[in-house]
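> the following block contains a protein sequence and its predicted model.
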Amino acid sequence: MRRPETRVAQGGDHDDVTATPFGGVVPVIAPSTTYQRGPDYQPVSGRVYTRDENPTGVSTERLLAKLEGGFASMLFASGMSAATALFRALPPGSHVVAPKTMYFALNGWLRRSHLDVTFCDMADTGALEASLRAETRLVWAETPANPTVDITDLRAAATLAHARGALLAVDSTVATPVHTRPLEHGADWVMHSATKSLNGHCDVLAGVLVAREPSDVWTRVANLRHDEGPVLAPFESWLLARGLRTLFVRVERASATALTLARHFEHHPKVRAVLYPGLPTHPGHGAAVRQMERGFGSMISLCFGDRDKALKVLSHLEVFIRATSLGGTESLAEHRATIEGEASTAPEDLVRFSIGLEDPADLVDDLERALLLV
């Protein structure tokens, strides 16, 4: 059985004629939206319409499912459309537990949704347990959390959720399958904003859901995607597969650099706090060590004491690019509270850094230079 690094490096399984029908090393793009029927009016290829059956998308879905160890995956037009499809597959009024610190757009959607949502400190197992009810249907975890890098103990969360008859779904965008495969730790669903590290080049908007096993919820999510059509187009599916080819080398390199920066600035006199689970001083370090491998992710947040100092640091950066998003080859820096707006729960003095593939010394020097000017 081939290991994950081999699967992604080769762009999937080369015995899959759907992906490489002409024997090509690189999987093809199949742009057709519709497929022929024979004289008996039966589908010639078994396909009818591209919404659920596009060969490029199906090939990429198979690769992602194998990476996460799930039975199947579904691609979506964005991470938000993937996440909300799972929530919308729940009956109206279902009780859901979600983290206080999570991707802000999804937090806002949940507050306006058809669901009864309890937000809790997911890094605190006791708080999670106290938030669960007999009618809880889904526990949503995000680990490491954006932007405070909190860690959820997935094994503990799965045990608590399943004891109440609830499912555990995990936003594993920051960890990627390189560092954490939540299904191996008891989760039922995994979601990625594939826009980020899975694609890795800041040129694709995409999302994916991976399920441990077939279920009624899987069927409802599939029906929602079919009926409403938030599918990923063939070219974007191909770009995502292309990005996945370098997933392991990109993520491991960026994570190693993030740890270098975390260690360098941990005791810096002009830095109030370094938030990174690879540091032994991080409150979630123990859980991170248990459920993460090959590193601790490419996202690191630094707190500088107050909002003005944080914005001044940003203004003086020259190597880091001032932009939102994460997981690309270039290192980005953003003031998360500004990005999220008035409803933000991010600390005012926090700057989130997405570490890319630049020389680590250049990134350290850039931030040191900025701090000298503050």
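Received, thanks. From a predicted model like this one, the values you see are computed outputs, not experimental measurements. Numbering: from 1, shown residues only.

> make it CA atoms for all contacts and neighbour counts henceforth
Noted.

> now A72: how far from A222?
Using C-alpha to C-alpha, to the nearest Å, A72 is found at 11 Å from A222.

> more neighbours, these two?
Ranked by neighbour count (other C-alpha atoms under 10 Å), A72 and A222 place A72 first, with 20 against 17.

> ok, now which ones touch the more buried one?
Neighbouring residues of A72 by C-alpha atoms under 8 Å, 6 or more residues apart in numbering: 61-62, 65-66, 210-213.

> so where's the stretch 51-200 of the chain uncertain?
Scanning the stretch 51-200 of the chain for pLDDT under 70 picks out nothing.

> which parts of this protein are strands?
72-76, 95-99, 116-120, 136-142, 167-171, 189-193, 207-211, 273-275, 299-303, 321-322, 332-335, 350-354 (DSSP state E).

> can you check which of these gets nearest to A287?
A287 sits nearest to strand 136-142 of all the strands of the chain, at 13.5 Å, using C-alpha to C-alpha.

> and the closest one, how far from the chain's centre?
Offset of strand 136-142 from its chain centre (C-alpha atoms, centre = their mean, to the nearest Å): 16 Å.

> how about the contacts made by V364?
By C-alpha under 8 Å, 6+ apart, the contact list for V364 reads 261, 264.

> filter the contacts of A72 to the buried ones?
61-62, 65-66, 210-212 (16 or more other C-alpha atoms under 10 Å).

> now the strands of the chain as a markdown table including distance to G57?
Shown next, in a markdown table, are the strands of the chain (distance: least, C-alpha to C-alpha, whole Å):
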| stretch | distance to G57 |
| --- | --- |
| strand 72-76 | 7 |
| strand 95-99 | 30 |
| strand 116-120 | 33 |
| strand 136-142 | 26 |
| strand 167-171 | 21 |
| strand 189-193 | 16 |
| strand 207-211 | 11 |
| strand 273-275 | 36 |
| strand 299-303 | 28 |
| strand 321-322 | 32 |
| strand 332-335 | 29 |
| strand 350-354 | 28 |
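
> now do the helices in the stretch 101-250 of the chain.
Using DSSP state H, counting those that start in this stretch, the helices of the stretch 101-250 of the chain run over 104-111, 125-131, 154-163, 176-179, 216-228, 234-244, 247-265.

> orientation of the third one relative to strand 136-142 in degrees?
Right, helix 154-163. Helix 154-163 and strand 136-142 are oriented at 170 degrees to each other (axes from the mean of the first three to the mean of the last three C-alpha atoms, to 10 degrees).

> which other helices and strands contact helix 154-163?
helix 125-131, strand 167-171 (3 or more C-alpha pairs under 8 Å, 6 or more residues apart in numbering; DSSP states H and E).

> which residue is nearest the centroid of the protein?
The residue lying closest to the centre of the chain (C-alpha atoms, centre = their mean) is T173, at 1.3 Å.

> how about that one, nearest residue that isn't a chain neighbour?
The shortest distance from T173 to any non-neighbouring residue, by C-alpha to C-alpha, 6 or more residues apart in numbering, is to H192 (4.6 Å).

> before we move on, what about G57?
Closest to G57 by C-alpha to C-alpha, 6+ apart is S237, at 5.3 Å.

> just R164 next, same as before
A134 (5.8 Å).

> how many neighbours does the one you found have?
By other C-alpha under 10 Å, 10 other residues sit near A134.
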